[in-house]
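J.: Build the 3D model from these lines:
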Amino acid sequence: MIELFLIGIGTGNPDHVTRQAEKAINACDLILVPLKGEDKADLAGLRLAICRSCITNPDTRVETFDLPQRDPAVPDYLARVTDWHDAIAACWIAAIDRHRKAGGGGRVGLLVWGDPSLYDSTLRIAERVAAHIPLRQRVIPGITAIQALCAAHAVPFNDLGAPVLVTTGRRLRDHGWPEGCTTLVVMLDAGGAFATLTGAEYDIWWGAYVGMEGEILIAGPLATAGPEILARRQQARAAHGWIMDIYLLRRRAVPGPQARVS
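T.: Numbers count the residues shown, from 1 in each chain. Have a look, this model is predicted:
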């Protein structure tokens, strides 16, 4: 039986690693760190730096593996992601098998950006692995990108007594502003879906690399802040080769027609 630890590590700041996460890292016999290619090498570097700062157990070993890429030849988005998750699960299975055959212990960990429960595929991939290897999962919660964004801008997550919807850039771009929603948090946006919104009633709080050393923050009315965000986003992506950003949108109440006083 393998005990699989899925450990939330926050948004790239080593100080986001909780004491619970640090204990879990040191309880593992093996930590698996994905390599996402040369253009995203600093993402693996951040995970490895967290390992170096947290690991005090001499028996905890760190191993890297090459993360498969999504196949652009698969036209359907969900099918493309499903195939990709299958390929990642195969990498986990191979690494765990090598570890077991080498006489390694039964505790394996993966470090997950933010929290494993929020727009992350680690739990779904673990389900695939469990179909081939007996697993007992342990999930360690982490600071989410939403928490880090709101803290960085010093804004509340929600309006007073009002709901919040968390969605993706793809859904905002394809379906527009959700009915009955006043606050929207957008994650996994490949390129400024907020630009599809028209009108002057929106405010935006945007952040890239939130919590990291190169954090970028922009806020204001969408009509004026939006173009600045698109320009800064393009510059940052060109400089780093990748970008990790998130934003909160709030729709201001539009005044209705005033009652006529006779």
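J.: Show me what the lengthiest helix in the chain is packed against.
T.: Ordering each helix of the chain by length in residues (DSSP state H) puts helix 77-101 first. When contacts are defined as 3 or more C-beta pairs under 8 Å, 6 or more residues apart in numbering; DSSP states H and E, helix 77-101 sits against strand 30-35, strand 61-66, strand 107-112, helix 122-130. (Glycine included, C-beta is placed from N, CA and C.)
J.: looking at the ones you listed, which is buried most?
T.: Neighbour counts (mean count of other C-beta atoms under 10 Å) averaged over each of those peak at strand 107-112, with a mean of 24.
J.: After the strand or helix carrying residue 232, which helix or strand is next?
T.: Using DSSP states H and E, residue 232 falls within helix 222-240. Toward the C-terminus, helix 222-240 is succeeded by strand 245-251 as the next helix or strand (DSSP H and E).
J.: Just give me how far that next one sits from the chain centre.
T.: 15 Å (C-alpha atoms, centre = their mean, to the nearest Å).
J.: again with stretch 192-212
T.: 17 Å.
J.: pLDDT averaged over that stretch - what is it?
T.: Averaged across stretch 192-212, the pLDDT comes to 93.
J.: Repeat that for stretch 162-169.
T.: Mean predicted lDDT for stretch 162-169 stands at 94.
J.: List of residues touching that stretch?
T.: With contact meaning C-beta atoms under 8 Å, 6 or more residues apart in numbering, stretch 162-169 is reached by 118-119, 146, 157-158, 178, 181-193.
J.: List the buried residues for that stretch?
T.: When neighbours are counted by 16 or more other C-beta atoms under 10 Å, the buried residues of stretch 162-169 are found to be 164, 165, 166, 167, 169.
J.: which strands and helices sit next to the helix or strand in which residue 43 is found?
T.: Element membership for residue 43, per DSSP H and E: helix 41-54. If contacts are counted by 3+ C-beta pairs under 8 Å, 6+ apart, helix 41-54 sits against helix 19-27, strand 30-35, strand 61-66, strand 107-112.
J.: Quick one, which of the ones you listed gets closest to residue 92.
T.: Proximity to residue 92 (C-beta to C-beta) singles out strand 30-35 among the helices and strands packed on helix 41-54, at 6.8 Å.
J.: returning to that earlier point: figure out which of the helices and strands packed on helix 77-101 is closest to residue 78.
T.: Counting by C-beta to C-beta, and looking across all of the helices and strands packed on helix 77-101, nearest comes helix 122-130 at 12.0 Å.
J.: any idea of the mean pLDDT in that closest one?
T.: Mean pLDDT, computed over helix 122-130, is 94.
J.: any idea which of the buried residues of stretch 162-169 is closest to residue 32?
T.: residue 166 (27.4 Å).
J.: Quick one: name whatever helix or strand follows the helix or strand hosting the closest one.
T.: Assigned by DSSP H and E, residue 166 belongs to strand 165-168. Along the chain past strand 165-168, the next helix or strand (assigned with DSSP H and E) turns out to be helix 169-175.
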